[in-house]
Structure formats: structure tokens, C-alpha cells
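*Asks:* Here is my input, please return the structure:
(chains A and B)
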Amino acid sequence: MRLRPAESLTMESVQSLVDTVGDLPTLPDVVAKVNRLVQDPRTSAADINGVISVDVTLSARILKIVNSPYYGFHRRITTITYAVVILGFNAVRNLALSAFVFDAFSRSGKSPLNLPAFWRHSIGAAVAAAATGRFVARQEGREVDPKIAEDAFMCGLLHDIGKVLMSQYLKEDLTRVMEEVERADCLFLESEAETLSYTHAGAGAALLEHWELPETICSAVRTHHHPPEGTVAGRERLLAAITHLSDILARALLIGSGGDRRMPQLLGAYRDELGLSWEEMGSLMDQVQGDMKRAAVFFSLT
Amino acid sequence: MKKIAVAEITDGLVLARPVTDGSGRELLARGLSLQVQHADLLARRGIEFVMIEAEDASTSGAGGGSTEAEDIAPVDGRNASPVSPAAKEALEALAHAFEPVLDDPDMQKLYELACDCARRRA
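*Replies:* Numbering: from 1, shown residues only, chains lettered A, B, ... in the order given. You can find the predicted model right below:
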């Protein structure tokens, strides 16, 4: 695929690129169907099973993840229906999506990014986001659905998907950004602000919109470095804050690499949104370190 | 080994003793290759001097022949536990990552938590 030079690409043209380029990764039919079904309140666990079970490889990958130490179920989960009942609809959609993302993006040939380190960072952020979601849901006086942890995991995993999109389809842009990161020893986001007219966060969100993922997930990916402007629904704002923190926690715990060696600023607006004391932040970091020891199954998928 | 003021730090000087804060937490590990930016970082933490490796044997000898026990003692005199190579590498990576944002009290706190985690992990 030939792409225009980077300087002619704007955020709008990235959106257009994502919408129109033929060989851009599209969700496999099975995952797209599951995504649509999960957003329909009339869908049953049997409906999800009926779609996923047709794809034997995907079913096996989902069950492998569900039965891993990360989830820690004592009894073996042997069917997708059971997985939906135990974990919930969104969680199984997210597992199907995770399996696809690893399959489609983790072995994308030569890249200016260190891809194994990149995926370690993404998995670290996913684990950190899920832990933060559970932590926030347990806070006294806070009415947060504990299932926010499921979407938080997805947001963490996909927060930098725009960098992989660049790696595969905008390689010249990515090369320039990485060269500036090396030269100036700066953040990836600082380098892209100097070099490009779009951001990896915006490009990633555009891809997720192309996949018709829920707006809360797209928005969290779009705004993980900058709080959204204007009035935003509580859950959407909270997911964005969790995603922002998950990136920082993965870096603070030195889990993989997002493409640079610097630490982004923890934004006050997002820290206020999460309402974590420093003592709680320390406990959360310990929790993430513990969860990472049980997350080997995700590395086996990359 | 010799003692220098943090204002004298130049790129490439090697820490001969770990630098700790007032509560004994290690901020910079022994063996770290210093950069000029560390001077600001340390000054902000109220640290005035660091111990660096002597540039050559003659300078080292001028110190009166420090013992190994002295070598591993942190600058403020507390006994430091030996730093594993993995912990040292992690602490160096964290010092580098956080260096531009340590003016911010929140980032300084996060840095301390991250260093604690790195030591426990090692």
C-alpha cells in the first residue's frame, strides 16, 4: 500500500485512511458479530456461544485465557457459554478482540518499534488498567460498576494501538517520530507533536471506531494523554483516567516500552478523577506487580 | 573515591556510594553514571554532596584507602543493602525516565513509589 507523505496527513485524513484503505485490518466476521451482539441487550450467552464456537481456533484461545492463572478460577471452564455466564458478555467480547489483536498485530515484521517490548508495555497497561478499575470500584462512597475493569483491560491493551497502525501503514511517519525520540531523548508524544499533524492516540481511536467498538473505549484511547474537552459522561471520563494511569503505571513498573524512555506527566485532572491517595497508589502498584506474574498467558499469545 | 558538591557533577562521573534521602530510601544506586541533570534532582532533595569514583588510582589512594564496608555505605552514613545488577539497572532507568518531571511533587512521589517497587522486585 502506498501512502501519502506524512506532512499531508492530518487527523481527518487519518480517519479517512482508516475508513477507506482496503487492506487495513478489519475485525474478523466472528469478532465483529460478537461485538455487535454484545451491544444488543436481547443477546443470550447461547447466542455468543453459537457465533464463537464456529471458530475453533478462537474458541480455544479464549478458553486458554479464561483458564489461565490470571483469572484464577478453581473449576475449569470448558465452554464459551460458561465463560459468558462466569465472566460476562463484555469480558468475552474483549477476550475475542484481544485474541484477534495479538494475532493480527504482534508479528508485523520489521518495525522502528521494538514490538516485543511494545506488547509487554500494552499487556502491562491492560493489567494495570484492570487492577485500577477493580480498585476504584471498591472505593467507599463510590458507585462504580465493578465490570468497568473489563473495559479498562481493553483500553489499556489498545491505548497505543495507533503506534502499531503507524508501524504497519505509516512506517515513514513512525520512523521520523522514533528518530526524533532517539535524538532528543523525549517522549513519543512530544516527538510526534514536533513531527506529525496527527497523534498515535487519535489514529488508534480512529481504527477502533472503524471496528465499531463502544465509544467509551474509543474515547479513552483518544484521550489517554489529554483529558477530553467539554462535558463527558462519568463512565467515559473514568475510563479515560484509568487508561491514562495504566500507561504511567506500566512505565513506572518498567514493563516493556511504549517507544521512549521518559515518563509522561500524571495529569491532575485524571488523578482527581481517580481519587487515589499515594498510599493507595502504592498498594495498586504492588497489586499490578502481582497480577503481572499471573499474566503469562497473554505473552504466549504474542 | 572522592566527595564532591552536587554542583560539580558532570556527565560520566560514577557514584561510589548510593545516595539516599532523609528516610534512608535509596535515590541513586552505587555505580550509576551521573549526568549533569542529576545535580538539579539531588539539589531539590536537599542533598549537597555525593561520593564519586576517583578518576584514577592515584586519586583513589589519596582518600586514605577506604574499606569495602565504607564503599557500600550510602552517603548519609546508613548501611545500604547490596544492590543487585537488576535493581541497579531498574533504578537507573527510573532516574532517567523521571528526571524531566521531578519538579512536580506528584511525579516525585510516584518516582519514590516506583523505586520502592523496583527494589522489592529485585
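
*Asks:* List the buried residues for the helix or strand harbouring B:Glu89?
*Replies:* B:Glu89 belongs to helix B:85-98 when assigned by DSSP states H and E. By neighbour count with 16 or more other CB atoms under 10 Å in any protein chain shown, helix B:85-98 contains the buried residues B:Ala87, B:Lys88, B:Glu89, B:Ala90, B:Leu91, B:Glu92, B:Ala93, B:Leu94, B:Ala95, B:His96, B:Ala97, B:Phe98. C-betas here are computed from N, CA, C, even on glycine.

*Asks:* near chain A, which of the residues you listed show up?
*Replies:* B:Ala90, B:Ala93, B:Leu94, B:His96, B:Ala97, B:Phe98 (CB under 8 Å from any CB of the partner chain).

*Asks:* Any chance of JSON lines for those residues, columns pLDDT?
*Replies:* JSON lines is the format used below for these (pLDDT from 0 to 100):
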{"residue": "B:Ala90", "pLDDT": "92"}
{"residue": "B:Ala93", "pLDDT": "94"}
{"residue": "B:Leu94", "pLDDT": "95"}
{"residue": "B:His96", "pLDDT": "94"}
{"residue": "B:Ala97", "pLDDT": "96"}
{"residue": "B:Phe98", "pLDDT": "95"}
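
*Asks:* Ignoring the adjacent residues along the chain, who's closest to residue 52?
*Replies:* You didn't pick a chain, so chain A it is. Leaving aside its chain neighbours, A:Ile52 sits nearest to A:Ile80 (4.8 Å; criterion: CB to CB, 6 or more residues apart in numbering or on different chains).

*Asks:* my bad, chain B
*Replies:* Take B:Ile52 and drop its neighbours on the chain: the residue closest to it by CB to CB, 6+ apart is B:Leu13, 4.7 Å away.

*Asks:* ok so A:Glu194 is a helix residue?
*Replies:* Yes - judged by DSSP: H, G, I helix; E, B strand; the rest coil, A:Glu194 forms part of a helix.

*Asks:* Now do it against A:Glu215, distance only.
*Replies:* Note on A:Glu194: its distance to A:Glu215, by CB to CB, to the nearest Å, is 30 Å.

*Asks:* do the same with A:Ser68
*Replies:* Distance of A:Ser68 to A:Glu215, computed by CB to CB: 30 Å.

*Asks:* what does B:Glu48 give?
*Replies:* Separation of B:Glu48 from A:Glu215 (CB to CB) stands at 54 Å.

*Asks:* Look at residue 6 and report its pLDDT.
*Replies:* Picking chain A for this. Per-residue pLDDT puts A:Ala6 at 39.

*Asks:* if you could check chain B rather than the one you did, that'd help
*Replies:* If you check B:Val6, the pLDDT there is 81.

*Asks:* give me every residue that touches the residue nearest to A:Ile52.
*Replies:* Contacts for A:Ile80 were tallied using CB atoms under 8 Å, 6 or more residues apart in numbering or on different chains; they are A:Ile48, A:Asn49, A:Ile52, A:Ser53, A:Ser59, A:Ile62, A:Leu63, A:Val92.

*Asks:* give me that answer again for 7 Å
*Replies:* A:Ile48, A:Asn49, A:Ile52, A:Ser53, A:Ser59, A:Ile62, A:Val92 (CB atoms under 7 Å, 6 or more residues apart in numbering or on different chains).

*Asks:* Alright, I will stop here.
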